[in-house]
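Chemist: What follows is a predicted structure for the sequence shown.
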Amino acid sequence: MKIVHTSDWHLGARLHDRDRGAEHDAFLGWLRALLREERPDALLVSGDVFDLRQPGPAAQERYYRFLAGVAEDRSCRRVAVTAGNHDSASLLSASGRVLGLLGVTVVARAAPDAAGEAVAVCDEAGRTLGAVAAIPFMGEQELWNLARAAGRAEGDRAARAEAGFRAHAAAMRRILNASARRR
């Protein structure tokens, strides 16, 4: 299974008063060319797609234009995008269903059972090659909620956050192990 992994695009970022749109366009053009050349099974975008939780229209347009271009090129069969600490989970989630039609899975929030976070990567014939754990950024409050859902909400802040992370990781392992047994 061939995977291209990226992160921290920070689309919409500025350097002091300088617009970095040309740099972002150059990066996305390079990445699209790399995907056409390498033909990976999957592209992973692991967080911080945008620099701000409320990115401007130009940054959003770059993101959607890039994903549409990858789908048009058919340069990889699966794209998985996870939210980072700079991203708005709501903004990324809003387009998830539509992007799914292009072969893009968006995981913006962690679920207690990790549902939707195991992204299957298939070959041309539709056979599963493997799965990717597409786990988004989880803030302290989200980790506490995961700990509470798993019945492990005791201790100080750090202990509750760790319990939430461990519960989530265990749920993800169960899903990936079940996926491997089905192959």
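Modeler: Great, that's in hand. Only a predicted model underlies this, so the values are computations on that prediction, with no experimental measurement involved.

Chemist: Not counting its neighbours along the chain, what's nearest Ala150?
Modeler: Distances taken as CB to CB, 6 or more residues apart in numbering place Ala167 nearest to Ala150, at 3.6 Å, with adjacent residues excluded. C-betas here are computed from N, CA, C, even on glycine.

Chemist: Wait, that neighbour touches Trp144, no?
Modeler: No - look at Ala167 against Trp144 with CB atoms under 8 Å: they stay out of range, at 10.9 Å.

Chemist: more neighbours, these two?
Modeler: A count of neighbours by other CB atoms under 10 Å puts Ala167 above the other of Ala167 and Trp144, at 21 against 18.

Chemist: Which element, helix or strand, includes that one?
Modeler: helix 157-182 (DSSP states H and E).

Chemist: If you count neighbours, what's buried in that helix?
Modeler: Going by neighbour count (16 or more other CB atoms under 10 Å), the buried part of helix 157-182 is 160-161, 163-165, 167-168, 171-172, 175-176.

Chemist: Is it possible to get TSV of those residues that adds pLDDT and distance to Gln60?
Modeler: Putting the buried residues of helix 157-182 into TSV (pLDDT from 0 to 100; distance: CB to CB, whole Å) gives the following:
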residue	pLDDT	distance to Gln60
Arg160	87	35
Ala161	89	31
Ala163	89	36
Gly164	90	31
Phe165	90	30
Ala167	89	33
His168	90	29
Ala171	90	31
Met172	91	29
Ile175	87	31
Leu176	86	32
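
Chemist: of all those, which comes closest to Asp87?
Modeler: Of all the buried residues of helix 157-182, Asp87 sits closest to His168, with 18.2 Å by CB to CB.

Chemist: distance of that closest one from Arg65?
Modeler: For His168, the distance to Arg65 (CB to CB, to the nearest Å) stands at 33 Å.

Chemist: Val132 is in contact with Val81, isn't it?
Modeler: No - using CB under 8 Å as the test, Val132 is too far from Val81 to be in contact (11.4 Å).

Chemist: Give me the common contacts of these two.
Modeler: Between them, Val132 and Val81 share no contacting residue under CB atoms under 8 Å, 6 or more residues apart in numbering.

Chemist: Which of those two has more residues huddled nearby?
Modeler: Between Val132 and Val81, counted using other CB under 10 Å, Val81 has the larger neighbour count: 28 against 23.

Chemist: per-residue pLDDT, the residue positioned nearest the centre of the chain?
Modeler: Centroid check for the chain by CA atoms, centre = their mean gives Thr82 as the closest residue, at 1.8 Å. Listed pLDDT for Thr82 reads 96.
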